[in-house]
Every structure is written in C-alpha cells, then in structure tokens.
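Chemist: missing the sequence, but the structure's below:
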C-alpha cells in the first residue's frame, strides 16, 4: 500500500525534510534500497551506508539528517517509526473468510462467518471463535478452547482443551499450548505417579507465540501469559508460570513451573529460569544466563561466559573446578602478608 | 468422581482425622480451596496457608496435623497421596471408541474397535494398534509402527516407520519419534555423506513424552527408552541412547548419541550430555549442567553458574578467561611465601 | 540391495583382502554382526571387538587389517566408506508417485506426476514442486513455496509462504521454515510494535533440516542456508542469518538474527551464538559454548564447564561470583612480593 511522505509524517509525528508528495511503496535496507523504497537508520553501525543509499527516503534521528542525501523523516525513535511505516506499507495478507471443505469442524461448533479455517484444520467440540479468527492448515483447536477476535493460529499449531487465547494474538506453526505440566510424585518403588494437570493456559491480548514454543497447562490453577507478551521460537513455559504484560522473551528460553516474571522484562536467548522464583518488573537478562534465585530488583543481569580457543578454555575450565581451593590459598597467602588482601591487623601469625 | 474420606483413607493407607462420610469431589490449592475440595500440604513454604484453608480436608504429614483446622488425611508422603487422590477424583476423559471419518487409515491396516482415532490422523501401512489406543487429531503413525494397549498419542505427534511404543504411554503434541539420527561422514571435499539410520526407537510401558520432544532412531540398533521414563517438553534424545527405567528428565535437555543413562535418574532442565557417555543409576543432575564425562557414581551433580548484575558478571567472566594465569600467579606467590599454599619445605628459592 | 565385495572395492576405491565374490546384504555393528553383514572399525575404542566379530567383512584402516579375522575392505577413511556402502545396501524407500486422495492441493497448483503427496498434506496456492518431490502426511506447503527435485518434506513439517528449498533436501517432521523473525520496536508505553518480516528463507541443495528445527524468514532480505548444510533437531536459526556451505550444526543450537556462519563449520549441541556476528570458515565450536563475539579465525573453540558433584560445584560457583575480587587480591599480593607475579621492579612499597 503506497503512501506519500507528507501523510506518513503527519500520521506518525515525524519531521519531514523533502517533498511531501513523494510516494513510497515499500521498505528496504539502506544498502539495497532502490527508488520507491523507504529505508531507516537506527544503528550507528550502518551510518556509512547512508550517503550511498538508493532509497527515496530515510527514517532517521535528527543528528543524522544533515548527512541524508534524500528525503528524510526525522524522529527521535527511527526504529519505532520504521516498524509503524513498514506495517502500513506491508499489511498482513487479508483474511479470506470461509471454512475449507477439507477442514474438520465438530458438528456442534459454530464458526463465525468472518473467520477463515484452512484445509486440514480440526476444531473440536465446544470451541468458541471470535470474529475474523484465522485457523491455519492442519492446526488443532481442542475442545472448549476460546479464541478472541482477530487472532491467527498458524499451520500445525495445537491448542489443548480449554485453552483461552485473547484478541489479536499470533500463534506460530508447531506451537503447543496447554499440554500437561510436568508434575508427578515418586512412589516407594522409585516409579512416578502422574499428577493430573487440571488448570489451563490463558493468553492475554496481542500475544505472539513463536514456532514450536510450548506452554504447559497449570496443575491447579492456570498458566498465565499477559497482554502484549512476545515469545520467540522454541520457548518452554512450565505449568503455573505467570508472565507479566509486555515482557519479551527470545528463543529457546526455559522457565520452570510456578515462576512469576514481571512486566516489561526482556529475556535473552537460551536463558534458563528455575521454578518457583519471582522476577521483578523491568528486568533484563542477557542471553544464556541461568537464573536460580529470584531477581527482586529491576536491572540487567548476565550472563554467558564467552567461548575461547579450546586449549585455553580447557585450562580455564579445569581451574574453575578448583576455584574454591584457589580462593582459600589466596586467603592464606593474604594472612601471611601483613596489611594485604583480607589480612586484618594482628591477623598474621 | 466424588469420594468419601473414609474410603480414600482405606484405599491409600492414610490415617484419617475427621468424618469418614465427608464427601470430596475435587482437589484445590490450600489458598483457593472451597468446601468440597481436598487440598494438600507437602512443602513447608505453604504451612502458613493451612490455618485459613477453605478446603473440606487436607492431605498432610503427621507433624502438621495438629494445626489442621479441617479433616485430615495423614501420610508420610502427602505429595504422593495427593497424586493418587487427584487421579481418582479427576480421571482422564474416557476414550470414545471409533475411527473418525476424517482420519486416513491405510486400506490394509486394521484398527481395534476399542480405539479412538481422531480427525485428520494418518495411520500408515502395517501399523499395529493395541486395545483402547487413542490417536489424536492430525497425528501421523508411520508404516509398521506398533503401539501398546491404552497408549495415547496426542494431536500432531509424528511416529516414523517401525517405532515401537509400549502400553499406557502418553506422547504429547508435536513430539517426533524416530526421525533420523544425526550421522554422517565427511568426504575429501568437505561435504557430508549421510549414514542411513537403520534402527528404530523402542519405548517401554508407562513412558510419557513431552510436547515437541524429539527422539531419534538408532543408526544400527535401536534407541531405547525404559519403562516408566518421563520426558518433559522439548527434549532431544540422540540416536542409540538408552534411558533406564523410571528416569525423569526435565524440559530442554539434550542427550547426544549413544549415551546410556541409568535407572531412576533425575535430570534438570536444559542439561546437556555429550555422546558415548555412561550415567550411573540414581544420578541427579541440576539444571543447566554440562556433562562431558561419564558419571559413574550415584549422587547429585551441578550445575549452573547463577546470573549476576551485568557489570559484575562481565568482570567475573573476563577473569574466568584468565583463570589459568591467575592460578599460576597464586602458585608462584605460594612458592615465595614459606609454608604457604602449596609451598613444600625447601620449595622457596 | 546385496553387493559383492569385489564390486564394492572397485566402486569405492578400497583395497580388498578376501573373496571378491563374497556377498553382503546389510551393515551391522562389529559386536552384533552375523554372516552376510559388513561392519566397520573407525574408532579405536571398538578395536577389541574386531577379533570376535561375526561379520562377513569389515571396513577398516590398513593398520587394523592384520587383526581382521574375516574379509577386509581397507581404506584410509573407513567411516566414509561405511557411509557409502551403507547407502548402497540400504537405499531410502522408493518414492511412490501420486497424490493421495486425502491430500489437499490448491485447485490452481499443478503437481508433477513423479511426486508423492501423502494423506493430509496441504499444498497451497502457487506452490511449485520439482520432480520426484515427496510431501509427507499432514505437512503444509505454503503459498508460492518452491521445492527442488528429489527433496523430501517429512510428516507435519510446515513451510511458510514463499520459502525456497533446493534439490535433494530432507526436511524432518515438525520443522518450521519461514515463520516470522522476532523483530519489534518498543513504543513509549513499553509495548511492542511488530516489524513485518518481509523476506523469506532460501535453502540450497542437499540441505538436511532436523525434526522440530525452526528457521525464521528474513525481516528485509532472506535467511540463507547454503548447499550441503546439515542441521540436527531443535535448532533455531534467526532471521537474516547466513549459514555457509557444508556447515554441520548439532541439536539445540540457537543462532540469533543476522549472524553469518562460514563454510565447513562444525557447531556442537546447545551452542548459542548471539546476533550480528561473523563466524569464519572452518570454525569448530564445542558443545554448550556461548559465542558473544565474532570468531574471525578458523580453529576450535570451547566450551562447557563440566558438571561436578553438587557441594563442590556450589562452592566453585560462589567463588566465580567473587572472581574479580579474587584476582584483585592476587594482584595486590603480587605487588607486595618483590619479583612475583605482576610485580614490576620498584613496584613494591
């Protein structure tokens, strides 16, 4: 959907330098843009590409405007403006209402006429769909599931019985929502007795769930995903977790059962959080961190230990295995050296 | 299914304090229970909730009975009792025998009348199902797969050809059992020649497989999952692994090819175990640990390095990268300080 | 497909010791082989099994030939020879051309007669299949997807719109190719604005994609997987990554957006690589490593810190959290000890 620069500037509150009648019809990167495209500069690493860009216009911050050889939309938040303008120029493909003859809808289940149900989708007894819901090919909507208006469930996703999904959500292919939590008790013989998982999963509005992500149903009570939460691919959320509004979680994060994550958190890829913890609002956790105690304070937490060349890494990893002995040796040395390290007056022999 | 306290006490070997005629019809948490519900106290963190509970009865240990304001079922293992009573009060939904007209069963394959096959399920040539097997919507049962009595395969799970599943198993949505193991040889040009994966996967009885978990078929010989093994979501089991009976594995664990894990092990979330190792019986491994040598002795192994605030973490991670040098410096200091650290008599210059 | 040893020796350039007319019809492990089978010895750990093998022939290196009690195919690369011979003896099951009546092919989409489309597969508008393509049961091929000759898409895999797959690829069950990359911008209220993901995913020839692996479509421009790349199960490749030819990646690896991995790299299980990095050609990364800076040089990088018994691990992990202070203490001690550690002349008080 093409748009004029002047209209974009007004609609999104940017300052325009250039011809308001100029038409753009797509977004592109600075380096690959051609006339008709609008690009953006939000990361100083790409500043050198600005002078040579083939774009018709660039979204950028005021301090970069002087170096922009083409029309400019100036905003203190160029990346956010880019997101909005890209959404306007490239809207999601429109829904095509109707239930495919190759879909399998339970006899007693009514699908609103505004919904699209693709081939092979299975919608079970008692499911309730809002308006303009799209169910992708071979997705499975379990019994008594409820889905809000304008939500899209992509191909092959599975929603177990009674799961509730809000409005304007996007659930990607292969996601599984509402499978049993991992709850069991050990018996005297060492075997396991399964504990029925009686709760469900409740997703708020505007939630995105990545491909092959799994969110388990609660044991007693529900697993809750707040409004505006964004989950990347291959995340695992354990039973009875609560994820606060507008929290964003990168791929491959695992959160064990009953942990409560606050609002507006950002959690990096491959982070692991053990069960029964509390993560405060506005916590950021760097990729690959292991969280094994509650984080009660907003802030940024790490992290990963960076890979090194293998022989060096191995030597260091062996030393890690002896770290307590090393620290004790240092303390002992400190005691022998007057006034040093942790030597207190009169501490030396 | 409601039950009287007296009957529950007899059936599960608990001591009853209270009216044996009292009827309970559901489980609930201590804090949210209302009359008619039975709750449990198995974790001292929740002891403070006991006095205010709205439950009709509580399952708990003898030392907590004095503080219980309502009827009590006393057991040395309240969590295990809870598992059993919850299972009785909340049985799995009954199977509804029959093959959906929207399922696709190969012409030559006979499905016992006691089985339920849901819409969109595909059952290929030569598959053999036991009695009362349930195949979920859009699940795929490959050629010559064998499934034991009372096993449930949930929506969208895929069993490749010849996979064998025992009795009373539960395979969750999106699980893939029997895909090719990751085996290949490098050729002179740096390319890869695939090695045919000729074995299969054999699951014992009472195995649970979590959502989106993958278990690869053996290269030569089979991958084996023992009786009573419980696998959480998004686990990866490599080709030719053997997992011993009653071992429980939490989400996102990866076990590389040909590793043998013992019986009754408990493996925490995101643990990684490299290939060709042996893990003894009764080994517990804490979340996020990396296992790169065999663990020949029963016991508990760690683990993760807890996240810290980022500036502090970064300083420590940099020091880790210099740890070998640090240890050498300490050793050198020790040699200079008579009788210190690892200084032996006469060792100093 | 049985073969004579003489023919195998000629075809694959091995030296034969034994009867060229001897027929073998399958591969087996040294320890479990019976007459008619051919085994291999490529790992010295299994050398002790050679003398007792029941195989009719063994593929091995020259230095092991003297101890081989049966016919031998001698090669400097026995594992590679084994891969080739196993492929000849155990070819993949042949394709059975035809579109199942229970598949759902969009009315305007033409499927070549040499293709096999299994029940429940969905092929959407404008998809283009090459010759002898196999689409597994309940797989979903999105609009305008292009798939090259001889590629197999296994059960339940999902290819989003416009994804392009080369020739002779193998995509395993549950893989999701082309879901949206994880791109969004934060607005003033702390919420997230989704950035349309306008690129697609392009797979070269001879690519293997493991079960439940996810490869995201590019934001602007494409995510690219080079010829001959082998991806194990449950890998996540972020948007706009580029993976070089013949790189092999083990299970559960996560690669964040826009990272470029070179050719012929080998990446161990559970490795994490953050976004916007460059990994050179011929880099090997050991399992569980965290890569947070570019690796510009070919070589081997680690790694994991091996698990220890828990009490010991805990002590060491606590010391890790104080490592910077420890290092400072050592430096201070060094200054007090003339000529020691990092003490420079005149540095002592």
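Modeler: Now that the structure is in, tell me what you want to look at. Not measured: the values here are computed from a predicted model.
Chemist: all contacts plus neighbour counts: C-alpha atoms, from now on.
Modeler: Fine.
Chemist: what about the residue of the stretch 201-349 of chain A found nearest chain B, neighbour count?
Modeler: Relative to chain B, the nearest point of the stretch 201-349 of chain A is residue A:301 (4.2 Å; C-alpha to the nearest C-alpha). Neighbour count of residue A:301, defined by other C-alpha atoms under 10 Å in any protein chain shown: 24.
Chemist: just the helices in chain A please.
Modeler: Listed in chain order, the helices found in chain A under DSSP state H are A:5-12, A:62-65, A:78-89, A:310-320, A:323-336.
Chemist: elements contacting the longest one?
Modeler: Which is helix A:323-336. helix B:323-336, helix C:310-320, helix C:323-336 (3 or more C-alpha pairs under 8 Å, 6 or more residues apart in numbering or on different chains; DSSP states H and E).
Chemist: rerun that using 10 Å as the cut-off
Modeler: Contact partners of helix A:323-336 among helices and strands, from 3 or more C-alpha pairs under 10 Å, 6 or more residues apart in numbering or on different chains; DSSP states H and E: helix A:310-320, helix B:323-336, helix C:310-320, helix C:323-336.
Chemist: Can you check which of those helices gets nearest to residue B:279?
Modeler: helix C:310-320 (15.5 Å; C-alpha to C-alpha).
Chemist: wait, what's in contact with the residue nearest to residue A:121 when sequence neighbours are not counted?
Modeler: Nearest in space to residue A:121, with sequence neighbours left out and distances taken as C-alpha to C-alpha, 6 or more residues apart in numbering or on different chains, is residue A:138 at 4.1 Å. By C-alpha atoms under 10 Å, 6 or more residues apart in numbering or on different chains, the contact set of residue A:138 is A:102-104, A:117-123, A:154-158, A:173, B:120, B:137-139, B:156, C:120-122, C:138-140, C:156, C:158.
Chemist: Let's test this: mean pLDDT of stretch A:209-228, rounded?
Modeler: For stretch A:209-228, mean pLDDT rounds to 97.
Chemist: how long is it from one end to the other?
Modeler: Stretch A:209-228 has an end-to-end distance of 11 Å (criterion: C-alpha to C-alpha, to the nearest Å).
Chemist: ok, now stretch A:194-206?
Modeler: Taking C-alpha to C-alpha, stretch A:194-206 runs 34 Å from one end to the other.
Chemist: now stretch A:67-82
Modeler: One end of stretch A:67-82 to the other measures 19 Å (C-alpha to C-alpha).
Chemist: Could you check it and say which residues are buried?
Modeler: Counting neighbours by 16 or more other C-alpha atoms under 10 Å in any protein chain shown, one finds that the buried residues in stretch A:67-82 are A:68-75, A:77-82.
Chemist: for stretch A:49-57, same thing?
Modeler: A:50, A:53, A:54, A:55, A:56, A:57.
Chemist: low-scoring stretches of chain A, by residue?
Modeler: Applying pLDDT under 70 to chain A flags residues A:337-349.
Chemist: From the centroid of it, which residue is nearest?
Modeler: When chain A is reduced to its mean C-alpha position, the closest residue under C-alpha atoms, centre = their mean turns out to be residue A:231, at 3.0 Å.
Chemist: So that residue versus residue C:253, what's the distance?
Modeler: Distance of residue A:231 to residue C:253, given as C-alpha to C-alpha: 18 Å.
Chemist: and if you look at residue A:62?
Modeler: Distance, residue A:62 to residue C:253, using C-alpha to C-alpha: 40 Å.
Chemist: quick one, what contacts residue A:123?
Modeler: Counting by C-alpha under 10 Å, 6+ apart, residue A:123 makes contact with A:103-107, A:109-111, A:117, A:129, A:135, A:138-145, A:159, B:119, B:137.
Chemist: who has more neighbours, residue A:62 and residue C:253?
Modeler: Taking neighbours as other C-alpha under 10 Å, residue A:62 and residue C:253 compare with residue C:253 leading, 27 against 15.
Chemist: With that, I have no additional questions.
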